[in-house]
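S.K.: Next input, structure requested:
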Amino acid sequence: MIKRILIFSLFVWIGLLSTYAQTEAPVVNYPQFEKGYVYLKNGEIIKGKYIYSVNLDKIRVVSGNVSKVIDVSEIEMISKSKKLTNEDKMEKGSSNFVPSAKKFFNLTEMGLLIGNSDNKKDAPLVFRTFFDYNINKNVAAGLGLGIDFLNETYMPVTANVIYKFRNEKYSPYIMLQGGYEIPIDDSQLAYNDIVPNNVINYNSYYWSANKKLDPKGGFLFSPSMGLLVHLKSQFGLNMSVGYQYHRQHYTSSDDYKLDIDYNRLLIKLGITIY
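M.R.: Numbering: from 1, shown residues only. Below you'll find the model as predicted:
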């Protein structure tokens, strides 16, 4: 038990240190000018082209021959058209959200695998941390590591693809991940075998002693859907629900083999750092 706690703590620290490093030394990306209407908190509306600073703390607006630098804290919202949509009206007056222009981000989640299976645990704890790259404003892809506390402790090594339906304060998304579960713990399973009592009398049998099974891991597949809530342009909370399938392989020294399939509901909560 102590070994599992130490392993889990190690991965949590790896995820936190990685996100801290990204925050301290972000990758520089250069935004492009876009057209729209910039609504200021003082009631002023500026029509023109706008571009964010690299640190996303200021915005330059070019209207005609006038160029103006505005602090993000002075902006109430930005709209593509002067006639506000119902969604714009809902956002107007709420806390301002400016989408991050950074290409790399970290998604860290913790959750439960719920459902019936051959696993002796009703709801094993799972931990995931993904390092993703924004291909465009809606699609991202990356790699991930984690810890799954199943019959044994496993480290899933995965690749994932994320599609965000919109890049706003509330962003619903779908994610698909697949990979391989690597065992990092001793097996908790054993089996008994029936063998002849002697080579002469095959009508007499006895139970052999418990034989330890060696975990070999197995492939996993997990689609999910969730909601990302941006609290700031560089930070958000996410929640998701999905399905996870994986098959665990076991072998023994006498060529005995055992496969255990998992078909479970996956519920996760997490944080996103850009």
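S.K.: Residue 255 - that's part of a strand, no?
M.R.: No - the assignment for residue 255 (DSSP: H, G, I helix; E, B strand; the rest coil) gives coil, which keeps it out of a strand.
S.K.: Pull the number of nearby residues for it.
M.R.: 6 (other Cβ atoms under 10 Å). Yep, even glycine has a C-beta here, placed from its N, CA and C like the rest.
S.K.: Got phi/psi on it?
M.R.: Residue 255 adopts backbone torsions of phi 70, psi 10, taken as degrees, to the nearest 10.
S.K.: Which pLDDT value belongs to it?
M.R.: At residue 255, the model reports a pLDDT of 75.
S.K.: same deal with residue 166?
M.R.: Reported pLDDT for residue 166: 84.
S.K.: tell me the SS of it?
M.R.: Going by three-state DSSP: residue 166 is coil.
S.K.: In the stretch 1-150 of the chain, where is pLDDT below threshold?
M.R.: Scanning the stretch 1-150 of the chain with the threshold set as pLDDT under 70 gives 1-31, 81-101, 116-121.
S.K.: per-domain residue ranges of the chain.
M.R.: For the chain, automatic domain parsing gives the domain ranges 2-25+102-273, 34-91.
S.K.: Of these, flag the one that's most buried.
M.R.: domain 2-25+102-273 (a mean of 16; mean count of other Cβ atoms under 10 Å).
S.K.: how close does residue 265 get to residue 135?
M.R.: Using Cβ to Cβ, to the nearest Å, we find residue 265 at a distance of 29 Å from residue 135.
S.K.: swap in residue 255?
M.R.: Using Cβ to Cβ, residue 255 is found at 46 Å from residue 135.
S.K.: repeat for residue 114
M.R.: The gap separating residue 114 from residue 135 is 32 Å, by Cβ to Cβ.
S.K.: ditto for residue 232
M.R.: When distance is defined by Cβ to Cβ, residue 232 is 23 Å away from residue 135.
S.K.: Same check on residue 225?
M.R.: For residue 225, the distance to residue 135 - Cβ to Cβ - is 19 Å.
S.K.: got it, and residue 113?
M.R.: For residue 113, the distance to residue 135 - Cβ to Cβ - is 29 Å.
S.K.: List the contacts of residue 224.
M.R.: Contact partners of residue 224, counting by Cβ atoms under 8 Å, 6 or more residues apart in numbering, are 174, 175, 176, 177, 240, 241, 242, 243, 266, 268.
S.K.: from those residues, which is closest to residue 108?
M.R.: Nearest to residue 108, judged by Cβ to Cβ, of the contacts of residue 224 is residue 268 at 9.9 Å.
S.K.: wouldn't that closest one be in contact with residue 130 here?
M.R.: No - if you go by Cβ atoms under 8 Å, residue 268 and residue 130 don't touch, sitting 11.3 Å apart.
S.K.: so where's the stretch 151-274 of the chain uncertain?
M.R.: 187-211, 233.
S.K.: repeat that with 90
M.R.: By pLDDT under 90, the low-scoring segments of the stretch 151-274 of the chain are 151-154, 166-170, 183-218, 230-236, 246-264, 273-274.
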